[in-house]
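# Sequence first, then the predicted structure:
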Amino acid sequence: MSEKIRIFIAIELPEDIKKNLEGLQEELKKASADVKWVKPENIHLTLKFLGSVPVQQIPEIVQELKNGLAAFGFFSVGIAKIGSFPEKGKPRVIWAGVEKGNEIVARLQDKVEDLLQRFNFACEEREYSSHLTIGRVKGPNNIKSLQELLAGKFSVQFGEMPVEDISIIRSDLKPDGPAYTILERIKL
């Protein structure tokens, strides 16, 4: 039986944007809501979660993406605004959004999805939404005060960044949260 590892494809963030997101997390923590905050070093823009993949299949996936994305070209995105999913009712996910470049990220995600179809990965049922998960709500405590803090921060800016590559990232689940290892960077 071949070894399988959990992997996903994402756009990594530069340190300055991670620092800005961490600052926001610190402000939102003042609500004392029951939220598991994503470690700033683990925040990224997921394009596709592949799940458990046989190790020997990864070079094929890398090659497919390299060939298929070679002509995509680099672009830049602006990370701004925050919100929660679902928008109405009890939030489950706290996110920061892609404002500038959102359509290009959606096109890139669509292209990645198309390129990987031959590997039979499950297609996402919901429409893709470019976002960075910064926290996951674990319970009902102080949700109202968290929502009030979120409402006051809707138009916040976290910075702009060039997107010149995407990464294939290994995710190992640990008791204190996932540990991520970059397996490969693919130039756009």
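All right, it came through fine.

# which residues in the protein form helices?
Defined through DSSP state H, the helices belonging to the chain, from first to last, are 15-29, 58-69, 102-115, 143-151.

# So which elements touch the third one?
Contact analysis of helix 102-115 by 3 or more C-beta pairs under 8 Å, 6 or more residues apart in numbering; DSSP states H and E lists strand 45-54, helix 58-69, strand 75-85, strand 157-163 as its packing neighbours. The way it works is simple: take the backbone N, C-alpha and C, and place the C-beta from them, glycine included.

# Output it as CSV - backbone C-alpha positions only.
Coordinates of the C-alpha atoms in helix 102-115 are reproduced here as CSV (Å, rounded to 0.1, in the frame of the first residue of the first chain):
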residue,chain,number,x,y,z
ASN,A,102,-10.6,38.7,-7.2
GLU,A,103,-11.6,37.8,-10.8
ILE,A,104,-8.1,36.7,-11.7
VAL,A,105,-7.8,34.5,-8.6
ALA,A,106,-11.2,33.0,-9.5
ARG,A,107,-9.9,32.3,-13.1
LEU,A,108,-6.7,30.8,-11.6
GLN,A,109,-8.7,28.5,-9.3
ASP,A,110,-10.9,27.5,-12.2
LYS,A,111,-7.8,26.6,-14.3
VAL,A,112,-6.3,24.6,-11.4
GLU,A,113,-9.7,22.8,-11.1
ASP,A,114,-9.7,22.0,-14.8
LEU,A,115,-6.1,20.8,-14.9
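
# Now do the buried residues in it.
Neighbour-count burial for helix 102-115, with 16 or more other C-beta atoms under 10 Å as criterion, is recorded at 104-106, 108-109, 111-113, 115.

# that older thread, can the helices of the chain go into CSV with extra columns for distance to residue 128 and mean pLDDT?
Output for the helices of the chain, formatted as CSV (distance: least, C-beta to C-beta, whole Å; pLDDT from 0 to 100):
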stretch, distance to residue 128, mean pLDDT
helix 15-29, 20, 96
helix 58-69, 16, 97
helix 102-115, 5, 96
helix 143-151, 22, 89
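
# Dump the ones you listed to a markdown table, plus distance to residue 126.
Converted to a markdown table, those look like this (distance: least, C-beta to C-beta, whole Å):
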| stretch | distance to residue 126 |
| --- | --- |
| helix 15-29 | 23 |
| helix 58-69 | 22 |
| helix 102-115 | 12 |
| helix 143-151 | 21 |
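
# nearest to residue 3, of the ones you listed?
With C-beta to C-beta as the criterion, residue 3 lies closest to helix 58-69 of these, at 10.6 Å.
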